[in-house]
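Q: Just to be clear, the model below is a prediction. Sequence and coordinates:
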There are 2 protein chains.
Amino acid sequence: MSDVDFAGPGGDLSATKPDTEEAVRGIAKRAKAASKQLAIATRARKDQLLAAMADALEAHADEIVAANSKDTAREEAGGMSAGLLDRLALDPARVKACADALREVAALPDPVGEVVRGNTLANGMRLTQVRVPMGVVGMIYEARPNVTVDAAGLAIKSGNAVILRGGSAAAESNQAIVKVLQNAVAAQGFDPDLIQSVDSYGRAGGVALMRARGLVDVLVPRGGHGLIQTVIAESSVPVIETGEGVVHVYVDKGADLAQAMNITMNAKTQRVGVCNALETLLVHRDVAGEFLPLALAALAEAGVVLHGDDATISLAPVGVEVIPATNRDWETEYLALELAIKVVDSLDDAIAHIDEYSTAHTDAIITDDVKAAERFIKEVDSAVVMVNASTRFTDGGQFGLGAEIGISTQKLHARGPMGLAELTTTKWILRGDGNVRP
Amino acid sequence: MSDVDFAGPGGDLSATKPDTEEAVRGIAKRAKAASKQLAIATRARKDQLLAAMADALEAHADEIVAANSKDTAREEAGGMSAGLLDRLALDPARVKACADALREVAALPDPVGEVVRGNTLANGMRLTQVRVPMGVVGMIYEARPNVTVDAAGLAIKSGNAVILRGGSAAAESNQAIVKVLQNAVAAQGFDPDLIQSVDSYGRAGGVALMRARGLVDVLVPRGGHGLIQTVIAESSVPVIETGEGVVHVYVDKGADLAQAMNITMNAKTQRVGVCNALETLLVHRDVAGEFLPLALAALAEAGVVLHGDDATISLAPVGVEVIPATNRDWETEYLALELAIKVVDSLDDAIAHIDEYSTAHTDAIITDDVKAAERFIKEVDSAVVMVNASTRFTDGGQFGLGAEIGISTQKLHARGPMGLAELTTTKWILRGDGNVRP
């Protein structure tokens, strides 16, 4: 994914103009004010609003597609890759898919008001901890107009206002979408400041958003390594780090090798360019001789570029090229039909390699050995640890959380796929009858 | 509370020396390595370790008290206030209290391994989300040696290594305590790097700790405004903001005024200098004439310095001085026998005042009117919202969470009193039988 707006050369991140900062703080204050009405709205009202937003997107699909054409024409002329252009492009069917995504969010249970814990204290006071909205959620992402709709929908459902920074490549598309959504919000009797964008302030707007601590409650960056690292470094607003996935599958000596083959192929090739796709395959030496020749042939047949250590290269069948792997390969998230492969001497070696190179997103072991599986589960410190399953299952939808705002690779607040509950915080409520502390 | 080490004039926070940064990163790496053994230790082993730490503190109480005498003598000569000196001082009874606190932590349930969510997916895979340790917890605090023991105990019980930065005023005490605890850890067969301090690196050590992102998983500052704001501004490690409490009690027109009086006195005077003590009293105009003359007299009798708006001043009985309040008073956490008082026209006015000035720690309404209570609960956006109870109940022990590492005033990860569970994160475990994504 490209980081054109934040991490490109010449991106002077300290160049926040004071007037931009003031303007963005104004946007955040209006968002906070608007959020108060939504925070106490009933689920029925929020679901009606989401349905109205979906209908509005479909009714204005032509305008949105027309705005999007300007973005794609400009970016194509500017040399954007085919893959990125495909993520950027909208047609009427894709606009309808965005609308349907909002309808699916409406159908999800409301996280707000859920009682997380509660009990009656020894002195008779009633204590409960309930889910409440965060307030204002900031999203910083890149050239994917569908994220504009998803983020707005998830924020509204969880009772939050949202401030969007979608990147210049999708500026026209995002502006058109935000306008349509704001009008729908106003028509439903809510404050249109619930959905705002800082795109018109360019890079400085994004930086100002990162510095609006106290006004923005959480910032979720979605995109490539450069964007996420920039947001972490620059933000005084609490950030949830998402998505980077140097994902491992370890084929243990106790593996069912037919399952290992299916899972390896699925994890690498079922979809390319996603954070839960396989990036490094580790194979126990005892089964490498049987497994790797077949696996390397199948991967090469599927068009996967292979990087391997010496042991892997020595097992490559005739006609299958394996490029010598360097340390750089072990730390690379290819996001492409490309794979690093290493033969390891033991489960310990596999865990040590993962410990050193994994981004702690998703790591899987393929084994029928209970002790090996349990050790892997206990000792691999990643957001998702799997046994005998494809890493492609790390997904809010697959996990039954409903729509997903991102996959957290940090340990604070949320870890792994983030659904609606992760866009809420909690409030303690204590009800007494004149109680004082002795 | 003083911020001598971080926020004092001349505190050049950008002055991290490269060799200090390298040394602190080394400490953090050793902490991370040590944490892996603890993360998979059984509860029984951890509880034995905590008991051994408690016994060691008692056995070495003389050394600890002697080291502490050097700190108190130096600080007393340097002009430290009596209140701060009292927090700094240790005697054998206080060392025993620290040891007993460790034994209480040992008796608490182990948060590690708790299954938070779980179900069987449509394709038969078993999904569970379980609590696991964070890894390495950093604590930055001030001149309170008992926090050294508490932080170490809570970290160990929750399976984490801890890195301490306790401030120069308590340097001798902390060094003695850490040495005793490290020896106990080693004697129990664990890596003594589970408990480390960066105090010997001075201010630069604290700054390096804030910058050790990826090695330190979470940083908890405890102390005054200056320290906490400095950590928030400087840290690239995720921070949990704790403790600032501009705490409100609102006496509604529907209040039981006898309860209102008890709660006001308890919240302000039961203990001074704590974050859950009352700082601003709001009184509905309809009951101010009956309530305030009695309340002002009782507060003045208890030695409370009073700041009030014009309406409050006009209701002061003869002989009770009320200083005219300024905006500055509404935003001040006195942490002393001092109180700001305002008469408001309505529940809306009370909520608006709290919205503007509260640090969102704890706010209470005193009322027998259900509708007023429910609106206050819903609309006041604070970590703890109370009805007819003293704000002094905001406390991990009072809430039944056991020992408390701090009270979070932020919305991410933890809000309100933080117990052992808040020092953990979660891990998703997915167990399949060769499943691949269609």
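A: Done, it's in.
Q: Please make it C-alpha for all contacts and neighbour counts, starting now.
A: Noted.
Q: quick one: is stretch A:379-397 near chain B?
A: Yes - residues of stretch A:379-397 are located near chain B by CA under 8 Å from any CA of the partner chain, namely A:379, A:381-390, A:392-393.
Q: Just send these back as a markdown table, with neighbour count too.
A: Putting the residues of stretch A:379-397 next to chain B into a markdown table (neighbours: other CA atoms under 10 Å in any protein chain shown) gives the following:
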| residue | neighbour count |
| --- | --- |
| A:Glu379 | 17 |
| A:Asp381 | 26 |
| A:Ser382 | 28 |
| A:Ala383 | 26 |
| A:Val384 | 27 |
| A:Val385 | 27 |
| A:Met386 | 25 |
| A:Val387 | 29 |
| A:Asn388 | 27 |
| A:Ala389 | 28 |
| A:Ser390 | 34 |
| A:Arg392 | 24 |
| A:Phe393 | 21 |
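Q: Same list, those residues, but as TSV with secondary structure and pLDDT please.
A: Converted to TSV, those look like this (DSSP: H, G, I helix; E, B strand; the rest coil; pLDDT from 0 to 100):
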residue	secondary structure	pLDDT
A:Glu379	helix	96
A:Asp381	coil	95
A:Ser382	coil	97
A:Ala383	coil	97
A:Val384	strand	98
A:Val385	strand	98
A:Met386	strand	98
A:Val387	strand	98
A:Asn388	strand	98
A:Ala389	strand	98
A:Ser390	coil	98
A:Arg392	helix	97
A:Phe393	helix	97
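Q: List the contacts of the residue in the stretch 201-350 of chain A that chain B sits nearest to.
A: Going by CA to the nearest CA, chain B is nearest to A:Gln259 of the stretch 201-350 of chain A, at 4.9 Å. By CA atoms under 8 Å, 6 or more residues apart in numbering or on different chains, the residues touching A:Gln259 are A:366, A:388, B:433-435.
Q: who wins for most neighbours among those?
A: A:Ile366 (30 neighbours; other CA atoms under 10 Å in any protein chain shown).
Q: my guess is that one contacts A:Ala255, does it?
A: Yes - applying CA atoms under 8 Å, one finds A:Ile366 in contact with A:Ala255, separated by 5.2 Å.
Q: all strands of the stretch 251-400 of chain A, in order?
A: Ranges of strands within the stretch 251-400 of chain A are A:278-284, A:305-308, A:322-324, A:338-344, A:362-366, A:384-389, based on DSSP state E, counting those that start in this stretch.
Q: and among the ones you listed, the most buried is which?
A: Compared across the strands of the stretch 251-400 of chain A, strand A:362-366 shows the largest average neighbour count, a mean of 30 (mean count of other CA atoms under 10 Å in any protein chain shown).
Q: Restrict that one to CA atoms and write it as CSV.
A: C-alpha atoms of strand A:362-366 as CSV (Å, rounded to 0.1, in the frame of the first residue of the first chain):
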residue,chain,number,x,y,z
THR,A,362,-1.4,-14.2,13.2
ASP,A,363,0.8,-17.2,13.4
ALA,A,364,-0.2,-20.8,12.9
ILE,A,365,1.1,-24.3,13.6
ILE,A,366,0.2,-27.4,11.6
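Q: partner strands of that strand, parallel or antiparallel?
A: strand A:247-251 (parallel), strand A:384-389 (parallel) (DSSP bridges).
Q: May I see the buried residues of the shortest one?
A: When you say that, I think you mean strand A:247-251. A:247-251 (16 or more other CA atoms under 10 Å in any protein chain shown).
Q: now it against strand A:338-344, angle please.
A: Calculated by axes from the mean of the first three to the mean of the last three CA atoms, to 10 degrees, strand A:247-251 forms an angle of 40 degrees with strand A:338-344.
Q: Now do strand A:247-251 and strand A:278-284, the angle between them.
A: Using the same axes, to 10 degrees: strand A:247-251 against strand A:278-284 is 20 degrees.
Q: How about residues contacting strand A:247-251?
A: A:260, A:264, A:275-284, A:333, A:350, A:354, A:358-367, A:391.
Q: so how far is that strand from its chain's centroid?
A: Chain-centre distance of strand A:247-251: 21 Å, with CA atoms, centre = their mean, to the nearest Å.
Q: Domains in chain A, by residue range?
A: A:18-241+A:418-427, A:247-398 (automatic domain parsing).
Q: In JSON lines: the ones you listed, plus distance to B:Ile405.
A: Formatted as JSON lines, those follow (distance: least, CA to CA, whole Å):
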{"stretch": "domain A:18-241+A:418-427", "distance to B:Ile405": "18"}
{"stretch": "domain A:247-398", "distance to B:Ile405": "24"}
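Q: tell me which residues in stretch A:205-224 are buried?
A: A:205-213, A:215-224.
Q: So which of these belong to strands?
A: Counted as lying in strands by DSSP state E, out of the buried residues of stretch A:205-224, are A:218-221.
Q: out of those, which one sits closest to A:Pro238?
A: A:Val218 (5.1 Å; CA to CA).
Q: what pairs with that closest one across the strands?
A: Under the criterion used (DSSP bridges), A:Val218 bridges to A:Val137.
Q: Spit out the contact partners of it.
A: So, once contact is read as CA under 8 Å, 6+ apart, A:Val218 ends up touching A:134, A:136-138, A:237-240, B:412.
Q: Just the buried ones from those residues?
A: A:134, A:136-138, A:237-240, B:412.
Q: now those in TSV, with pLDDT and distance to A:Asn123?
A: TSV is the format used below for those (pLDDT from 0 to 100; distance: CA to CA, whole Å):
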residue	pLDDT	distance to A:Asn123
A:Met134	96	31
A:Val136	97	37
A:Val137	97	38
A:Gly138	97	41
A:Val237	90	39
A:Pro238	88	37
A:Val239	89	39
A:Ile240	89	39
B:Leu412	92	30
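Q: Around chain B, pick out the residues from the stretch 151-300 of chain A.
A: Residues of the stretch 151-300 of chain A lying near chain B (CA under 8 Å from any CA): A:217-218, A:232-233, A:236, A:238, A:259-260, A:262-263, A:266-267, A:270.
Q: Which stretches in the stretch 201-350 of chain A count as helices?
A: Secondary structure of the stretch 201-350 of chain A (DSSP state H, counting those that start in this stretch): helices at A:202-210, A:225-234, A:257-269, A:285-301, A:310-314, A:327-330, A:347-357.
Q: Counting by contacts, list what the second one packs against.
A: Looking back up the chat, that one is helix A:225-234. Packing partners of helix A:225-234 (3 or more CA pairs under 8 Å, 6 or more residues apart in numbering or on different chains; DSSP states H and E): helix A:202-210, strand A:218-221.
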